[in-house]
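A.B. asks: A structural model of the following input is requested.
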Amino acid sequence: QVQLVESGGGLVQAGGSLRLSCEVSGRTFRGYAMAWFRQAPGKERELVAAISWSGGSTYYADSVKGRFTISRDNAKNMVYLQMNSLKPEDTAVYYCAAASKMEYDATHYDFWGQGTQVTVSS
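C.D. replies: A predicted model of the protein is given here:
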């Protein structure tokens, strides 16, 4: 079993920045691709960014390209999402997820964190 715990969410003004962190524990972290999803009220959960085990491959949703950066530190079992130039439409609960390989569909992710709220005020 893999446990994921997100942190770093909060309230920020439009144009501001936040850095989300995801701590991974439990079964070996090795080999897992990681991703950040988000879900706004009344909307489906959407993939924001994903990163392969090595970090050599990344994916970003068009809506966050150039503003968000996903990274990982495998030695520390940590995954990060740096969010810059935040917009009100980025407001959502952000979830960290793990899968055996980098996937684009939430149903293919095996492990999930509890989520952290990000609220961007205009």
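A.B. asks: Let me know the average pLDDT across the helix or strand that contains Tyr59.
C.D. replies: Here Tyr59 sits within strand 58-60, counting by DSSP states H and E. Strand 58-60 carries an average pLDDT of 98.
A.B. asks: From the chain's centroid, how far away is the helix or strand that comes right after that strand?
C.D. replies: Remark: after strand 58-60, the chain's next helix or strand is strand 68-73, criterion DSSP H and E. What separates the centre of strand 68-73 from the centre of its chain is 8 Å, taken as Cα atoms, centre = their mean, to the nearest Å.
A.B. asks: do the same with stretch 60-71
C.D. replies: Using Cα atoms, centre = their mean, the offset of stretch 60-71 from its chain centre is 10 Å.
A.B. asks: Just the buried positions in it, please.
C.D. replies: Tyr60, Ala61, Val64, Phe68, Thr69, Ile70 (16 or more other Cβ atoms under 10 Å). The C-beta positions use only the backbone N, C-alpha and C, and glycine is treated the same way.
A.B. asks: who are the neighbours in contact with the most centrally placed residue in the chain?
C.D. replies: Compute the mean C-alpha point of the chain, and by Cα atoms, centre = their mean the closest residue is Trp36, 2.2 Å away. Neighbour list for Trp36: 20, 22, 47-50, 70, 79, 81, 94-97 [criterion: Cβ atoms under 8 Å, 6 or more residues apart in numbering].
A.B. asks: can you give me the strands for the protein?
C.D. replies: Under the criterion DSSP state E, the chain contains strands at 2-7, 10-13, 18-26, 33-39, 46-51, 58-60, 68-73, 78-83, 92-99, 111-112, 116-121.
A.B. asks: The third one pairs with which strands?
C.D. replies: By that I understand strand 18-26. Under the criterion DSSP bridges, strand 18-26 sits next to strand 2-7 (antiparallel), strand 78-83 (antiparallel) in its sheet.
A.B. asks: The ones you listed: which one's closest to Val118?
C.D. replies: strand 78-83 (7.4 Å; Cβ to Cβ).
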